[in-house]
Every structure is written in structure tokens, then in C-alpha cells.
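1. Have a look; sequence and predicted model below, questions after that.
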Amino acid sequence: MKITHYTVPGAKLNLGTTSKFKTLRIQVTFHAPLNEATVTGRAILPYLMRSINETYPTRSAMQTKLEDMYAASFGGSVRKIGLAQEISFDLHIIDPQYALESTDLLTEAFEFLHDVLFKPKFELSIFKDEVRLMDEYFLGLYSNKMRYTMKELIALMYE
């Protein structure tokens, strides 16, 4: 795999190219120092942003757009790395050379990501749904003994 690094003010681009796969992965990652005042807001932010935005005002509209891009998959996540918090957005699309039509799939993918990042739409109903899902995740964590054990092991290791 050939990896090329580009740097512009405030951002880094790492471009890895290989002919092994028939899909493309676009990942946008934001890093920020871990801060007690912002950690909770940042923990839910990617889940809100992957749900709806101004261009795709419903979950159904966003899912339809992903289906139109040859069943692309999209997700947002947050994780703690040392003393930093990382928010990531991942978009997986097929390599445009395998598309049946002559659509500019890569441009569509970047436009989709642009809409997610720069045209967010926050609604109370979506916020409540995401908080409920997060609560269910944490309540269900203890039910899955293997996951709970690994979480506790990692917590002990980081001390």
C-alpha cells in the first residue's frame, strides 16, 4: 500500500492507495483534548450528526441517499485515546470504476460528507432517541459478561 501525506493549515490528509479492494473508505477524524466540560456533548455529537442534516432531514432520506450510492455505509463514532477524545466519521463506497452507470460516485460521497459536517440539523426528538439508545447501551453492557469484563480490564490497565 502506498501512503501519501498532505498537510494544510489545520488539517492533515493521509491517502492510502491499493488495488486489493473494490471499495473506498473515507474517514474524517477530529481530535480534541479530553475536557470534563465537553466530554458528554462530544460523546453524543457524532450520533446526532449521522442521523439527519439540512439536506437529508429524516433518517429515511439519509438512508435512501446511501442506498443510491450503491448501498454505501456510513457511521460516526467517538473514542478516548490517552488524554484526547476522537470523533470519526466513516463512509464506505464501492470503487467508482465498478459502478454500472457513469455517475461521479466519489464526488457524491464527498458532497454527502460535506452535508453531514457542515449542514448539521439538531432536533430534540433525535437527541432524545440517541440519549435513549446510549442509555440502553450502557445498561446492556453489564448483561454481556464478555464485553463488561473487557471494559473493566481496559479500565484497570489504563490506571
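-> That came through, no problem.
2. what ranges do the helices span in the protein?
-> Assigned by DSSP state H, the helices in the chain fall at 39-49, 59-68, 105-118, 124-143, 145-158.
3. Take the ones you listed and lay them out in a markdown table including mean neighbour count, mean pLDDT and distance to residue 11.
-> (Glycine included, C-beta is placed from N, CA and C.) Below are those laid out as a markdown table (neighbours: other C-beta atoms under 10 Å; pLDDT from 0 to 100; distance: least, C-beta to C-beta, whole Å):
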| stretch | mean neighbour count | mean pLDDT | distance to residue 11 |
| --- | --- | --- | --- |
| helix 39-49 | 16 | 92 | 18 |
| helix 59-68 | 14 | 96 | 25 |
| helix 105-118 | 16 | 95 | 12 |
| helix 124-143 | 11 | 87 | 27 |
| helix 145-158 | 10 | 85 | 29 |
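4. Make a markdown table from the ones you listed and add distance to residue 88 to it.
-> As requested, those are exported to a markdown table (distance: least, C-beta to C-beta, whole Å):
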| stretch | distance to residue 88 |
| --- | --- |
| helix 39-49 | 7 |
| helix 59-68 | 17 |
| helix 105-118 | 12 |
| helix 124-143 | 17 |
| helix 145-158 | 19 |
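5. can you tell which of those is closest to residue 31?
-> helix 39-49 (10.8 Å; C-beta to C-beta).
6. distance between that closest one and the chain's centre?
-> Centroid displacement of helix 39-49 relative to its chain, using C-alpha atoms, centre = their mean, to the nearest Å, is 11 Å.
7. and residue 16, which of the helices of the chain is closest to it?
-> Ranking the helices of the chain by proximity to residue 16 (C-beta to C-beta) places helix 105-118 first, at 15.2 Å.
8. Output that closest one as PDB, restricted to C-alpha atoms.
-> Backbone C-alpha positions of helix 105-118 (Å, rounded to 0.1, in the frame of the first residue of the first chain) are rendered in PDB as follows:
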ATOM      1  CA  LEU A 105     -19.700   8.500  -7.100                       C
ATOM      2  CA  LEU A 106     -16.600   9.900  -5.500                       C
ATOM      3  CA  THR A 107     -18.000  13.500  -5.800                       C
ATOM      4  CA  GLU A 108     -21.300  12.300  -4.400                       C
ATOM      5  CA  ALA A 109     -19.500  10.800  -1.500                       C
ATOM      6  CA  PHE A 110     -17.600  14.000  -0.700                       C
ATOM      7  CA  GLU A 111     -20.800  16.000  -1.100                       C
ATOM      8  CA  PHE A 112     -22.600  13.700   1.400                       C
ATOM      9  CA  LEU A 113     -19.800  14.100   3.900                       C
ATOM     10  CA  HIS A 114     -19.800  17.900   3.400                       C
ATOM     11  CA  ASP A 115     -23.500  17.900   4.200                       C
ATOM     12  CA  VAL A 116     -23.000  15.900   7.300                       C
ATOM     13  CA  LEU A 117     -20.100  18.000   8.600                       C
ATOM     14  CA  PHE A 118     -21.200  21.500   7.500                       C
END
